[in-house]
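In: Turn this into a structure:
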Amino acid sequence: MRSKLFVPASRPELFAKAFASAADALSFDLEDSVAADRKGEARDALRALLRSNDITGHAKVLIVRVNALDTLHFNSDIDAVVQTGLDFINLPKPERVEDVRAAASAIDRAERANGVTRPVKLLLNIESPRALHHAVELAQAHPRVAGLQLGLGDLFEPLGIARRETAAIEQAMFGLRVAAGEAGVFAYDSAFANIKDEAGFRAEARLARSMGFLGKSCIHPSQIALANEVFRPSDEEIAHAVRVVEGSREAQSNGVGAYVVDGKMIDPPFVQRALVLVRHADRLGLLTSEQRAALASTDTAL
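Out: Presented below is the predicted three-dimensional model:
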């Protein structure tokens with residue numbers, strides 16, 4: 001999920017274009033991008049899409065950002081969009097463990113009512129000081145939680161923090177990434193509002209990737225290629241990771257706890273990271289036949 005494209009649910013004319021895009025995931029939005037008097041119309045359009053044959057056979061991760069739990073729209077959103085084929089509900093503005101559990105309970109109810117057999121997961125927006133402070137507890141509140149997503153605009157603006165302040169961005173990213181790591185869920189990066197600033201988008205995406213984020217949100221199709229480029233493992237990174245995994249088998253057979261690959265000392269944390277990278281590369285179709293064969297000889301499950 002290197003790239004996640006926001007799609008206003010009130011604009012069904014964009015649905016087919018979104019599916020035809022290179023985005024790994026589509027996040028259909030019922031919240032901020034939909035005017036209050038069009039919420040019902042947008043909800044109906046999205047329900048029709050999720051129940052249609054138009055999404056059959058696609059390879060994209062499907063996400064819906066619903067309205068916040070304390071709004072009049074939340075329950076209607078959940079009842080409409082929790083359908084077979086949906087992967088995530090993106091929950092805005094959770095601040096308490098009880099918020100997450102209430103959302104999970106609503107999803108439970110909708111799954112039963114709509115005959116959904118594959119559990120829909122939760123992606124929590126961390127976009128307030130309280131949410132960031134309690135991010136670990138929020139992520140651990142329910143087994144449905146699979147990821148935390150940083151919302152820098154909502155987090156920074158009320159505090160008077162400049163959205164482009166690098167030091168603040170770094171601290172927010174680090175705090176969320178560590179919380180996600182403690183909870184055992186993924187971390188996902190924020191949107192970048194200046195569509196024309198490709199260099200700024202790329203720089204922020206690179207920072208997120210360096211901190212172990214899974215990918216970056218895109219508010220315009222032009223940002224998709226940038227996110228896919230930044231979050232694509234390079235050929236050199238893939239080759240090194242394969243050598244690390246290969247070396248781990250020999251080290252284990254020799255009873256060695258640490259070994260050297262490409263001049264770098266390798267021990268279990270580096271092996272774990274290499275395994276994550278090669279599996280990601282495999283999902284993207286980036287492994288060569290020789291690399292797959294080398295990994296198969298190590299009994300590595302791809």
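In: Going along the chain, name the helices of this structure.
Out: 15-20, 39-51, 74-81, 97-114, 129-133, 135-139, 152-156, 166-183, 198-210, 224-230, 235-253, 268-283, 289-296 (DSSP state H).
In: Redo these as CSV? Include mean neighbour count.
Out: Just so you know, the C-beta spots here come from the backbone N, C-alpha and C atoms, and that holds for glycine as well. Shown next, in CSV, are these (neighbours: other CB atoms under 10 Å):
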stretch, mean neighbour count
helix 15-20, 15
helix 39-51, 19
helix 74-81, 21
helix 97-114, 17
helix 129-133, 17
helix 135-139, 22
helix 152-156, 19
helix 166-183, 17
helix 198-210, 17
helix 224-230, 19
helix 235-253, 17
helix 268-283, 16
helix 289-296, 14
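In: Take the ones you listed and write them to a markdown table, including mean pLDDT and distance to N67.
Out: Listed next are the helices of the chain as a markdown table, based on pLDDT from 0 to 100; distance: least, CB to CB, whole Å:
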| stretch | mean pLDDT | distance to N67 |
| --- | --- | --- |
| helix 15-20 | 95 | 19 |
| helix 39-51 | 96 | 7 |
| helix 74-81 | 97 | 5 |
| helix 97-114 | 98 | 11 |
| helix 129-133 | 97 | 17 |
| helix 135-139 | 98 | 18 |
| helix 152-156 | 95 | 14 |
| helix 166-183 | 97 | 23 |
| helix 198-210 | 97 | 26 |
| helix 224-230 | 97 | 25 |
| helix 235-253 | 85 | 40 |
| helix 268-283 | 85 | 32 |
| helix 289-296 | 82 | 44 |
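In: Y259: which of those is closest?
Out: Minimum separation from Y259 across the helices of the chain (CB to CB) falls at helix 235-253, 4.5 Å.
In: Tell me what the residue nearest the centre of the chain is bridged to.
Out: What sits nearest the mean C-alpha location of the chain, by CA atoms, centre = their mean, is Y188, with 4.5 Å. Bridge pairing for Y188 (DSSP bridges) gives the partners Q149.
In: got the contact list for it?
Out: 1, 4, 123, 147-150, 213-217 (CB atoms under 8 Å, 6 or more residues apart in numbering).
In: Closest one to L275 out of the residues you listed, please.
Out: L214 (15.7 Å).
In: burial of the closest one, as a residue count?
Out: Residues lying near L214 (other CB atoms under 10 Å) number 21.
In: E198 contacts L226, doesn't it?
Out: Yes. Using CB atoms under 8 Å, E198 is in contact with L226, at 6.1 Å.
In: Return the subset of the contacts of Y188 lying in strands.
Out: In this view, the contacts of Y188 that belong to strands under DSSP state E are 4, 123, 147-150, 216-217.
In: Out of the residues you listed, flag the one nearest to V261.
Out: K216 (29.4 Å).
In: Share the number of residues neighbouring that closest one, please.
Out: Neighbours around K216, by other CB under 10 Å: 29.
In: again, but for S10
Out: Quick note: S10 (other CB under 10 Å) scores 19 neighbours.
In: Likewise for E165?
Out: E165: 13 neighbours (other CB under 10 Å).
In: Repeat that for A162.
Out: 11.
In: thought it was touching I169?
Out: No. Applying CB under 8 Å as the test, A162 and I169 come out as separate, 9.5 Å apart.
In: quick one: the residue of the chain most remote from its centre from V242, how far?
Out: If you look at how far each residue of the chain sits from its centre, by CA atoms, centre = their mean, the farthest one is N254, at 38.7 Å. For N254, the distance to V242 equals 19 Å [CB to CB, to the nearest Å].
In: can you check L150 too?
Out: For L150, the distance to V242 - CB to CB - is 31 Å.
In: E41 too?
Out: In terms of CB to CB, E41 sits 50 Å off from V242.
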